[in-house]
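Peer 1: Let me see the structure of the following:
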Amino acid sequence: MRRLVPLTVWAALAVGLCGASAAAQPREALSGVVADLRVVSTTLPTGLGWTPPVAAAGALVPGRGVGAEGGVFLFAGPGRFKRLSFGATGLLAEGRATGVDATGADTPTMATRMLAAAPHAALNFGHRDGWSYLSIGVGTAKVRATQDGVEDQPASWGLAFHYGGGARWFVRERLAVSLDLRFWALTPRPATTARPSAAATTRIAIGAGVSFR
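Peer 2: Got it, this is the predicted structure:
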């Protein structure tokens, strides 16, 4: 968690700087469609029911993963600057961890993969060449956990909410730098014959990449 706080601070500062840069440029109306592609670092569920039970002493469960996220925004709001937009976002990230037992041998490799997708609505602040946004949506997510490559807890889809914000700064007519800070709220999963119930949890994803229009 200590490592996450500086990352969050830097992301917030970057979003603010992009917004300030956008305010200094000539204002042109937001319009059309924008697509995002980012590399993402996210926290992963580690609680009972989300990952395999850890039986071996020294075994580790991954608490963070890396992956990719993508999305699309369609500006459709009223008024000249179309502050409102609609679209969808998706996330795929995976983390792996291998510990060492008392004899120095490797413990089973634990892997967690999170897949999430959801439509969203966003409120945008800025103009065509640079703007920040706040967005919120609801969709679905799946967490797949394995131990040494064997999935002993079948993954299932569940309801997920996401909310967060970001910014884009166009450095070329059709190419922009993109930043996003997003919270994924995973709803509880009921118990099955294969695994215990999983409590609700919220994961934090920080992404940086490019946008196209």
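
Peer 1: for stretch 117-131, the distance to its chain's centre please.
Peer 2: Averaging C-alpha positions (CA atoms, centre = their mean, to the nearest Å) puts stretch 117-131 16 Å from its chain's average.

Peer 1: my bad, stretch 70-89
Peer 2: On CA atoms, centre = their mean, the centre of stretch 70-89 falls 19 Å from that of its chain.

Peer 1: Flag the shaky bits of this structure, pLDDT-wise.
Peer 2: When residues are selected by pLDDT under 70, those of the chain lie in 1-26, 53-58, 79-81, 152-154.

Peer 1: those helices in it, which residues are they?
Peer 2: 4-23 (DSSP state H).

Peer 1: Val150 pairs with what?
Peer 2: When assigned by DSSP bridges, Val150 has beta-bridge partners Gln147.

Peer 1: Thr51 too?
Peer 2: With DSSP bridges as the criterion, Thr51 is bridged to Leu48.

Peer 1: Report the contact partners of it.
Peer 2: Shown in contact with Thr51 (CB atoms under 8 Å, 6 or more residues apart in numbering): Pro45, Val61, Met110, Thr112, Ala145, Gln153. For glycine as for every other residue, the C-beta is placed from the backbone atoms N, C-alpha and C.

Peer 1: and if you look at Thr46?
Peer 2: By CB under 8 Å, 6+ apart, Thr46 lies in contact with Val61, Pro62, Gly63, Thr112.

Peer 1: Which one (most neighbours) among the residues you listed?
Peer 2: Most neighbours among these, by other CB atoms under 10 Å: Thr112, with 24 neighbours.

Peer 1: picking up where we left off before, pipe the contacts of Thr51 into TSV and attach distance to Gly99 per row.
Peer 2: Below are those laid out as TSV (distance: CB to CB, whole Å):
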residue	distance to Gly99
Pro45	18
Val61	9
Met110	8
Thr112	14
Ala145	16
Gln153	19
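
Peer 1: Of these, just say which sits nearest to Ser85.
Peer 2: Pro45 (29.8 Å; CB to CB).

Peer 1: Next, work out how far apart that closest one and Thr98 are.
Peer 2: Between Pro45 and Thr98 the distance, using CB to CB, to the nearest Å, works out to 19 Å.
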